[in-house]
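K.L.:
the sequence isn't on hand, but the structure is:
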């Protein structure tokens, strides 16, 4: 993809996108909590959102909001795990507002994707994942207060 188009996607993502590390407590039948990298863009312009499918992921439509019938339909593109890392690496040279978040998220996914010797996640590993989760939340909070 050419740089001009990547810069366009990076601008949309900077303004309307979100980088998060989803944190899930253990569910029935699972032994440990989970942390998953996720990127998303949510807008009312379906065409803009669907254009992000060039990076993979999926698009879903949010149903009408009951609280305000005047609000327009929303569309959300999302991508997770290694696909999200590849997406962030591609846009990193062009992203401005979310640069630090993107770097931290890439680092998290690299750490998360290292080969494991066992299927069980150690306490140290969970602490690292939790640190990335908290650090990303803090970066977002600081950015919101700038």
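P.N.:
Thanks, I have it. All of these numbers come straight from a predicted model, not from anything done at the bench.

K.L.:
for the rest of this, base every contact and every neighbour count on C-alpha atoms.
P.N.:
Fine.

K.L.:
so how far is stretch 89-109 from its chain's centroid?
P.N.:
10 Å (C-alpha atoms, centre = their mean, to the nearest Å).

K.L.:
who touches residue 44 in this structure?
P.N.:
72, 73, 74, 75 (C-alpha atoms under 8 Å, 6 or more residues apart in numbering).

K.L.:
filter these to the buried ones?
P.N.:
Buried members of the contacts of residue 44, counted by 16 or more other C-alpha atoms under 10 Å: 74, 75.

K.L.:
ok, the contacts of residue 44 vs residue 125, which is closest?
P.N.:
residue 75 (34.7 Å; C-alpha to C-alpha).

K.L.:
C-terminal to the host helix or strand of the closest one, what's the next element?
P.N.:
Assigned by DSSP states H and E, residue 75 belongs to strand 74-80. Per DSSP H and E, the first helix or strand lying C-terminal to strand 74-80 is helix 81-91.

K.L.:
wasn't residue 36 part of a strand?
P.N.:
Yes: the assignment for residue 36 (DSSP: H, G, I helix; E, B strand; the rest coil) places it in a strand.
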